[in-house]
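**Q** Sharing a model prediction with you, sequence too.
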Amino acid sequence: MRKTEEKEASVNSAPEALERLRAGNRRFVSDVRGRSTLRNQRRPSELEADQRPFAIILGCSDSRVPVEIIFDQGPGDLFVIRVAGNIAAPSQVGSIELAAELFGPRLIVVLGHSQCGAVLATLAELERPTKSPSPSRRSIIDRIRPSMESLFETEPRQKREDLVRRAVRANILASTNHLRHQSPILEALIHSDGLVVVGAEYSLQTGVVDFFDGLPETG
């Protein structure tokens, strides 16, 4: 049976939200579960009237990256959007805008992961172009492709594992930059209301989430 920890404090700012995610991921990696998570899972009816997620996560649909589990959070804690390749397409951006305006979280995390299938598919397409059988699948590849092309141009002889690692991070950065600069709603919240967009990578091997881009100042 998993050990438990005491209830976490309420979250009001991006640094506080980030620390709560980090703490939850440490519990996940250590196989320790928070009491607040267990309580929310036992009494979901308490969430019926309202939701106040403390963070928004744009993650990949990969079945090995269940967002609430890897951050040890319960129902109502996170507003999660999942799509192959954690891309910032219009429907994903719109969902994030809605959550940021209506529910008040001040932290957005773009969460990629090692060995991302969508990134690998895009790399394969760049290395050996084919006719995609699906326009919808092609639309995902086309959103990831620009950040991959620059890697081929600047470092064409790098090792395969290094290429994949850098491609995953480049794709995360593409989505974080899109959210920061291509949405007037999010950009206004960033400048006037403390909203922060950060990039992170989940390791399938270790379970650790590395927050590496756009980290808020802790004061």
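**A** In hand now; what should we look at?
**Q** Helices along this structure, start to end?
**A** Under the criterion DSSP state H, the chain carries helices at the ranges 14-30, 35-42, 67-70, 90-103, 117-127, 135-154, 160-181, 184-192.
**Q** Mind listing what's buried along the last one?
**A** Across helix 184-192, burial judged by 16 or more other CB atoms under 10 Å covers 186, 189, 190. No exception for glycine: its C-beta is placed from N, CA and C like everyone else's.
**Q** quick one, which of the helices of the chain is nearest to residue 49?
**A** The minimum distance between residue 49 and these falls on helix 90-103, with 13.2 Å, by CB to CB.
**Q** So in terms of bridging, what pairs with the residue most central in space within the chain?
**A** The centroid of the chain falls nearest to residue 111 when counting by CA atoms, centre = their mean (2.3 Å). Beta-bridge pairing of residue 111 under DSSP bridges involves residue 59, residue 200.
**Q** So it sits against residue 67, correct?
**A** Yes. Residue 111 is in contact with residue 67 according to CB atoms under 8 Å; the separation is 6.8 Å.
**Q** Can you check which residues contact both of those two?
**A** 57, 59 (CB atoms under 8 Å, 6 or more residues apart in numbering).
**Q** Out of the helices of the chain, which gets the lowest mean score?
**A** Lowest mean pLDDT within the helices of the chain: helix 35-42, at a mean of 52.
**Q** Not including adjacent chain positions, what is the nearest residue to residue 189?
**A** Using CB to CB, 6 or more residues apart in numbering and skipping residues adjacent in sequence, the residue nearest residue 189 is residue 195, 3.8 Å away.
**Q** That neighbour - how many residues pack around it?
**A** As a burial measure, residue 195 scores 23 neighbours (other CB atoms under 10 Å).
**Q** from now on call the first residue 53
**A** Sounds good: first residue 53 from here, last item residue 247.
**Q** Report pLDDT for it.
**A** Value for residue 247, per-residue pLDDT: 97.
**Q** Report the contact partners of it.
**A** Shown in contact with residue 247 (CB under 8 Å, 6+ apart): 66, 152, 158, 159, 160, 238, 241.
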